[in-house]
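Trainee: for reference, the sequence and a predicted model appear below.
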Amino acid sequence: MIEIRNLTKSFGDNLIWENVSFNIEDNETIAIIGKSGSGKSVLLKHLNALLYPDSGDVLIDGECLFELSYSQLRKTRQRFGILFQGGALFDSINTFENVAFPLRYFSNQTEEEIQHNVQEALTMVNLEEAGSKATSELSGGMRKRVGLARAIILKPQYLLYDEPTSGLDPKTSEEINELILEMANSMNITSIVITHDMHSVLRIAEKVAFIDEQKLSWHGTIEEMKVSEHPPLVDFITASEYQI
Amino acid sequence: MDSIKQFGQYSLLLYQALRSVTEFSTYRKNLFSEFVKIGYESIPIILLTGAFTGAVLTLQTAYQLDTELFSVTIVGSIVGQSIVIELAAVIGGLVLAGKVGARISTELGTMRVSEQIDALESMGFNSVTFLVVPRIMAGIAMFPVLYVAAATTGILGGILAGSLDGILPAAEFMQGARQFFYPEDVVFGVVKSFVFGFVITSISCFKGYYAFGGAEGVGNATTQATVMSCIYILLADFVLAAILL
């Protein structure tokens, strides 16, 4: 379980958000929504200490993330997989090697096992033929899927998605949504999804956290969101032109 | 205030790099790749720089000296010693600040803004060990080799220019060069190139590693890395000359 406790973050004089607190239960899928620039991605990067807060804690199974030594933190980070917004693929190596990268450094698998596991991960994201491609040859949707294959290759406990459907056409977005659901169901992964795509939220999320006006404005289940009359949340949903 | 903060960040990065030098298995592959990129791939530009520096210096020294007053071999002495003590290391360093420094800062800067460094960290890598350590180590190891190559071709360039121009036969050039050749000058040149290798790679890693703000940010980081490397090469050159000569 991830417990977010009174998290406050600013960059210089610019306050991003303050006193953000909520829990993420094991095996649930939560969507963190909010306007562009509301600090959703910043919040995501606090969940595995890629960024540190001004104050507050993030507890992973009761262990405070920001009090870990760097070597302990590196071990804890291996419990997470992240799908970055642009995929964050290493452009000096091909698609196959990108997915194989964590295995080569953090597992004792033989070359044969690595070949098998990478191919399996690529098949899961429907890219079984793309292994030999350079990352520059991949489309936006393919990059995200390769990023996802790399994120799941070490079988993480938590999977963080940063805007998984942004910049994608509706059909590719739907494919990504299905993949997120499949990962959550087949691998018992806790999924944390940053998005402002309400279609995606309704399709994949069980819970929603809404960041607005530099704070956690609303938090609840997807059913509660559908009947919520919290004005900023209603405004956000209405502005996204999505009818619940 | 900003420069104090930057110096602090730079020192911290070096400290992190130093602390993780023992994690050889993490950066082994990158180290050999950097040997090739910094060393092998810089050989053409270094040979060219060395040869032309030696050639031009020979022609200009011969022009500036009145050979009726001095023996013509003095040209070989001046060119040989200038190249070994100063020019091979400094001009080579300035050229490599552009070639090697710009590549390193652009590479790391792009990795930073496209979240590749975050991706490494999120997998449990120490990104400093993986990216910074091999680049600095390869710089320190390869710059002295490149210095020797630049100095050798500088002297050869001088011999060739003197012979082709008819002002100084090769034998007399070598006689002059040998007359004032001191092995400790080579040691001094090697020490300089070692320091320049560290200055260029560490500054470029620092600027690239902490780049921010998209393509413009990477451009700024690269410009700053190149300019700062050049400035600190000149500064280090002066300090080393004051201490070691």
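Mentor: Okay, I see it.
Trainee: let me see the contact set for B:Ala211.
Mentor: B:Ser105, B:Leu108, B:Gly109, B:Arg112, B:Val113, B:Gly217, B:Val218, B:Asn220, B:Ala221 (CB atoms under 8 Å, 6 or more residues apart in numbering or on different chains). All C-beta spots, glycine's among them, are computed from the backbone N, C-alpha and C.
Trainee: let's go with 6 Å and repeat that
Mentor: B:Gly109, B:Arg112, B:Gly217, B:Val218, B:Ala221 (CB atoms under 6 Å, 6 or more residues apart in numbering or on different chains).
Trainee: nearest to chain A, of the residues you listed?
Mentor: Of all the contacts of B:Ala211, B:Arg112 has the smallest distance to chain A: 10.7 Å, by CB to the nearest CB.
Trainee: can you redo the contacts of B:Ala211 as TSV with secondary structure and pLDDT?
Mentor: Putting the contacts of B:Ala211 into TSV (DSSP: H, G, I helix; E, B strand; the rest coil; pLDDT from 0 to 100) gives the following:
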residue	secondary structure	pLDDT
B:Gly109	helix	97
B:Arg112	helix	96
B:Gly217	helix	95
B:Val218	helix	96
B:Ala221	helix	96
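Trainee: got a PyMOL select line for the buried ones in these?
Mentor: To isolate the buried members of the contacts of B:Ala211 in PyMOL, using 16 or more other CB atoms under 10 Å in any protein chain shown:
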select buried, chain B and resi 109+112+217+218+221
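Trainee: which ones among the contacts of B:Ala211 come in contact with chain A?
Mentor: Of the residues in these, proximity to chain A by CB under 6 Å from any CB of the partner chain holds for none.
Trainee: tell me the one of the contacts of B:Ala211 nearest B:Gly166?
Mentor: B:Ala221 (49.1 Å; CB to CB).
Trainee: helix, strand or coil for the nearest residue to the closest one once chain neighbours are set aside?
Mentor: In space, and not counting its chain neighbours, B:Ala221 is closest to B:Ala211: 3.8 Å by CB to CB, 6 or more residues apart in numbering or on different chains. Using DSSP: H, G, I helix; E, B strand; the rest coil, the structure places B:Ala211 in coil.
Trainee: per-residue confidence for residue 12?
Mentor: This is for chain A. Among the per-residue scores, A:Gly12 holds a pLDDT of 89.
Trainee: should've been chain B
Mentor: The model's pLDDT for B:Leu12 equals 96.
Trainee: related to what we said a few turns ago, for the contacts of B:Ala211, give me JSON lines that also has distance to B:Val84.
Mentor: Output for the contacts of B:Ala211, formatted as JSON lines (distance: CB to CB, whole Å):
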{"residue": "B:Gly109", "distance to B:Val84": "36"}
{"residue": "B:Arg112", "distance to B:Val84": "39"}
{"residue": "B:Gly217", "distance to B:Val84": "40"}
{"residue": "B:Val218", "distance to B:Val84": "37"}
{"residue": "B:Ala221", "distance to B:Val84": "34"}
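Trainee: of the contacts of B:Ala211, closest to B:Phe70?
Mentor: Nearest member of those to B:Phe70, counting by CB to CB, is B:Ala221, at 49.1 Å.
Trainee: give me the contacts around whichever strand or helix holds A:Ala121.
Mentor: Element membership for A:Ala121, per DSSP states H and E: helix A:111-124. Contact with helix A:111-124 is made by A:Phe96, A:Val99, A:Ala100, A:Leu103, A:Glu128, A:Gly131, A:Ala149, A:Ile153, as judged by CB under 6 Å, 6+ apart.
Trainee: equivalent analysis for stretch B:37-56, please.
Mentor: Here stretch B:37-56 has contacts from B:83, B:87-88, B:91-92, B:95, B:99-100, B:138-139, B:142, B:146, B:149-150, B:153-155, B:157-158, B:161, using CB under 6 Å, 6+ apart.
Trainee: so of those, which ones are in helices?
Mentor: Cross-referencing the contacts of stretch B:37-56 against helices under DSSP state H gives B:88, B:91-92, B:95, B:138-139, B:142, B:146, B:149-150, B:153-155, B:157-158, B:161.
Trainee: compare the residues you listed and tell me which has the most neighbours.
Mentor: B:Ala150 (35 neighbours; other CB atoms under 10 Å in any protein chain shown).
Trainee: that one is in contact with B:Ala88, isn't it?
Mentor: Yes: applying CB atoms under 6 Å, one finds B:Ala150 in contact with B:Ala88, separated by 4.0 Å.
Trainee: keep the contacts of stretch B:37-56, but drop any that are not near chain A.
Mentor: Residues of the contacts of stretch B:37-56 in contact with chain A (CB under 6 Å from any CB): none.
Trainee: helix, strand or coil: sort out A:Ser132 for me.
Mentor: coil.
Trainee: how about the helices in chain A?
Mentor: Taking DSSP H as the criterion, chain A carries its helices at A:40-46, A:70-77, A:95-106, A:111-124, A:140-152, A:170-187, A:198-204, A:222-227, A:231-239.
Trainee: quick one: low-confidence parts of the chain?
Mentor: In the absence of a named chain, chain A is used. Scanning chain A with the threshold set as pLDDT under 70 gives A:241-244.
Trainee: chain B was what I was after
Mentor: B:66-67.
Trainee: tell me which residue is most central in it.
Mentor: B:Gly93 (3.0 Å; CA atoms, centre = their mean).
Trainee: would you agree that one is in contact with B:Gly197?
Mentor: No: here B:Gly93 does not reach B:Gly197: they are 8.2 Å apart, not a contact under CB under 6 Å.
Trainee: how many neighbours does B:Pro183 have?
Mentor: 8.
Trainee: tell me how far B:Arg135 lies from A:Glu97.
Mentor: Distance of B:Arg135 to A:Glu97, computed by CB to CB, to the nearest Å: 20 Å.
Trainee: enumerate the residues of chain A near chain B.
Mentor: A:Asn48, A:Leu50, A:Arg74, A:Arg77, A:Gln78, A:Ile82, A:Phe84, A:Ala88, A:Phe90, A:Pro102.
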